[in-house]
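# sequence and computational prediction follow.
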Amino acid sequence: MAWTDDRVEKLKTMWTEGNSASQIAKELGGVTRNAVIGKVHRLGLSNRASSTKPIRDKASVRSAPKSRSKPSSPRIKTIIDTHIPEKNAIIPMRKPILTPGQPLPPQPSANEISPEALATVKEVEKGAKKLSLLQLTEKTCKWPIGDPATDDFWFCGLEVQAGKPYCEAHVGVAFQPVSNRRDRRAAK
C-alpha cells in the first residue's frame, strides 16, 4: 500500500478530529495501526495530549532526551521544568561570620576516643573469646579486631550490653556521649 496524497489528507483530517490510529487504519484499509502511527510521527502531527493541564510557557517546557531503544510511543514527551535550576546557575552559599584576625573555631577530630576507654579496650581484648563471623550470636560482641584480609582477624565475642551490639568496653568506645567529646575538645 502506498501513501497517496488523498490517503495522507484523510489521515491528517481524521487525526485532527481525534480518531484513534486503529480507527484511521480501519477507515483507510490496507494499513495497520502501527503504519498509521509511523506516518503521523513522520508527518510531525500534534500528539493530541490528553492532559488538561495548561503548559505555562516555552521556557518552562523542554523535550525529554531521546531514548536509544525502540520508542514505546510516537507521542512527544515533555517535562515541566520549573523547579530545576539552570545548568550554570549560581547558588548562594552561607559564609561563616568571622571578624578579621579572629581564629577559626577548632575542628573536631573524627576519631576522638578518651584515653580511659582505649586502655579499657586493650585490657578487654586480651581476654576476648576471638570468635569468627560464623560463631557470632545475638549475645556476643561483634566488635571486629585486626585486618579482615589476614588470618589474624576475629571478633571480640564477650557478652553484649543490653540493647547494644558490643560488650561494655566496646560500647564505651563506639557510643560516646556528646558531652564527653565536647569536654575533651574544650580541654585541648
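Nice, I can see it. Residues are numbered from 1 along each chain as shown.

# all helices for this protein, in order.
5-17, 21-28, 33-43, 115-126, 168-174, 178-187 (DSSP state H).

# turn these into a markdown table, columns for mean neighbour count.
Using the backbone N, CA and C atoms, a C-beta is placed for each residue, glycine as well. Below are these laid out as a markdown table (neighbours: other CB atoms under 10 Å):
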| stretch | mean neighbour count |
| --- | --- |
| helix 5-17 | 14 |
| helix 21-28 | 17 |
| helix 33-43 | 16 |
| helix 115-126 | 13 |
| helix 168-174 | 19 |
| helix 178-187 | 11 |
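
# please name whichever of these is nearest to Cys141.
helix 168-174 (5.9 Å; CB to CB).

# could you export that closest one as CSV, CA atoms only?
The C-alpha coordinates for helix 168-174 follow below in CSV (Å, rounded to 0.1, in the frame of the first residue of the first chain):
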residue,chain,number,x,y,z
GLU,A,168,30.6,-2.9,77.8
ALA,A,169,34.2,-1.9,76.8
HIS,A,170,33.4,-1.6,73.1
VAL,A,171,30.2,0.3,73.8
GLY,A,172,32.3,2.8,75.7
VAL,A,173,34.4,3.4,72.5
ALA,A,174,31.6,3.3,70.0
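
# quick one on the thing from earlier: weakest of the helices of the chain by average pLDDT?
Across those, helix 178-187 has the smallest mean pLDDT, namely a mean of 64.
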